[in-house]
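Chemist: Structure for this input, please:
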Amino acid sequence: QVQLVESGGGLVQGGGSLTLSCAASGRTFSSYDMGWYRQTPGKEREFVAAIRWRGGRTYYADSVKGRFTISRDNAKNTVYLQMNSLQPEDTAIYYCASAPRASPFDYWGQGPQVTVSS
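Modeler: Numbering: from 1, shown residues only. Down below sits the predicted model:
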């Protein structure tokens, strides 16, 4: 059974930083693309960042480019999202996701809350 367990959410002041972690189990972590999405009440879930299974190529939403960094440690089966220069509009529930290569994300974490105060 695939499980994605996130940690690191919380409350931070505007301009501050947070790092989210997502520990994966149940599939060969190094063979899967990983990503982060976020969602606020009344809005659809939106893409934040992704990292390929091989080579570590990364992708970012325009709204977070230059501020957020996605990375992975295949030895620890963990993907990270380093978030800097946080703004109130970054407030959301953040979801970790896993995908077979070149396929849609098919497993999701429980989503920690990130709240950025102004």
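
Chemist: Remind me what the helix or strand harbouring residue 6 packs against, helices and strands.
Modeler: If you go by DSSP states H and E, residue 6 is part of strand 3-7. Strand 3-7 is packed against strand 18-25, strand 92-99, with contacts defined by 3 or more Cβ pairs under 8 Å, 6 or more residues apart in numbering; DSSP states H and E. All C-beta atoms are positioned from the backbone trio N, CA, C, and that covers glycine.

Chemist: center of this protein, which residue is that?
Modeler: residue 36 (2.8 Å; Cα atoms, centre = their mean).

Chemist: can you give me the mean pLDDT across the strand or helix carrying that one?
Modeler: According to DSSP H and E, residue 36 maps onto strand 33-39. Confidence for strand 33-39, expressed as mean pLDDT, is 97.

Chemist: Pull the distance from that strand to the chain's centre.
Modeler: Centroid separation for strand 33-39 versus its chain: 4 Å, with Cα atoms, centre = their mean, to the nearest Å.

Chemist: who does it pair up with?
Modeler: In the sheet containing strand 33-39, its partner strands are strand 46-51 (antiparallel), strand 92-99 (antiparallel), by DSSP bridges.

Chemist: most packed of those?
Modeler: Mean neighbours per residue, mean count of other Cβ atoms under 10 Å, is largest over those for strand 92-99, with a mean of 22.

Chemist: Output the helices and strands packed on strand 3-7 in a markdown table, with mean pLDDT and distance to residue 115 appended to each entry.
Modeler: Formatted as a markdown table, the helices and strands packed on strand 3-7 follow (pLDDT from 0 to 100; distance: least, Cβ to Cβ, whole Å):
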| stretch | mean pLDDT | distance to residue 115 |
| --- | --- | --- |
| strand 18-25 | 96 | 10 |
| strand 92-99 | 96 | 9 |
